[in-house]
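>>> Pasting the sequence and the predicted model now:
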Amino acid sequence: MNLEHLEILAESKKRFRTLNTEASGTILIIRSQLNPYEEITNLDTDKILVLSHRLNKIVQEMKELKEKIKKLEQELE
């Protein structure tokens, strides 16, 4: 059972790191799309909206994984 928990914990941590990298990249893209020097009507708000929704999904999954990792680590103590 401990081996199973360790495998799940390792997979969860790997997924968390992957999502963290994706979230960081998505934030950078959103920031670049929200250029304060650009005329407001020229902003690609559709693209920003899609990226924001994706970022929200990533963050929600990361929160769930964070709780899962915490529980798994407590069980292994």
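Received the coordinates, thanks.
>>> hey, let's count contacts and neighbours off CA atoms from now on
Fine.
>>> Please name the residues that touch Leu72.
Shown in contact with Leu72 (CA atoms under 8 Å, 6 or more residues apart in numbering): 5, 9.
>>> sec struct for it, please.
helix (DSSP: H, G, I helix; E, B strand; the rest coil).
>>> Against Thr45, how distant is the residue lying farthest from the centre of the chain?
Most distant from the centre of the chain: Glu39, at 29.7 Å, with distances by CA atoms, centre = their mean. To Thr45, Glu39 is 12 Å away according to CA to CA, to the nearest Å.
>>> The residue nearest to the spatial centre of the chain is in what secondary structure piece?
When CA atoms, centre = their mean is applied to the chain, the residue found nearest the centroid is Ile58 (3.4 Å). Using DSSP states H and E, Ile58 maps to helix 45-76.
>>> how far is that helix from where the chain is centred?
On the basis of CA atoms, centre = their mean, to the nearest Å, helix 45-76 sits 5 Å off its chain's mean C-alpha point.
>>> Can you report how many residues lie near Arg31?
Arg31 has 12 neighbours, counted by other CA atoms under 10 Å.
>>> packing partners for the host helix or strand of it?
Assessed by DSSP H and E, Arg31 sits inside helix 2-33. In terms of contacts (3 or more CA pairs under 8 Å, 6 or more residues apart in numbering; DSSP states H and E), helix 2-33 is packed against helix 45-76.
>>> Check which residues of the helix it packs on are buried.
48, 51, 55, 58-59, 62, 65, 68-69, 72 (16 or more other CA atoms under 10 Å).
>>> Check the average confidence over that helix, would you?
Averaged across helix 45-76, the pLDDT comes to 96.
>>> tell me the angle of that helix relative to helix 2-33?
160 degrees (axes from the mean of the first three to the mean of the last three CA atoms, to 10 degrees).
>>> For Lys13, which residues are in contact?
Lys13 makes contact with 65, 69 under the criterion CA under 8 Å, 6+ apart.
>>> Need the pLDDT of it.
At Lys13, the model reports a pLDDT of 98.
>>> Okay, it and Ser32: tell me how far apart.
Going from Lys13 to Ser32 by CA to CA gives 29 Å.
>>> Repeat that for Glu11.
Taking CA to CA as the measure, Glu11 falls 32 Å from Ser32.
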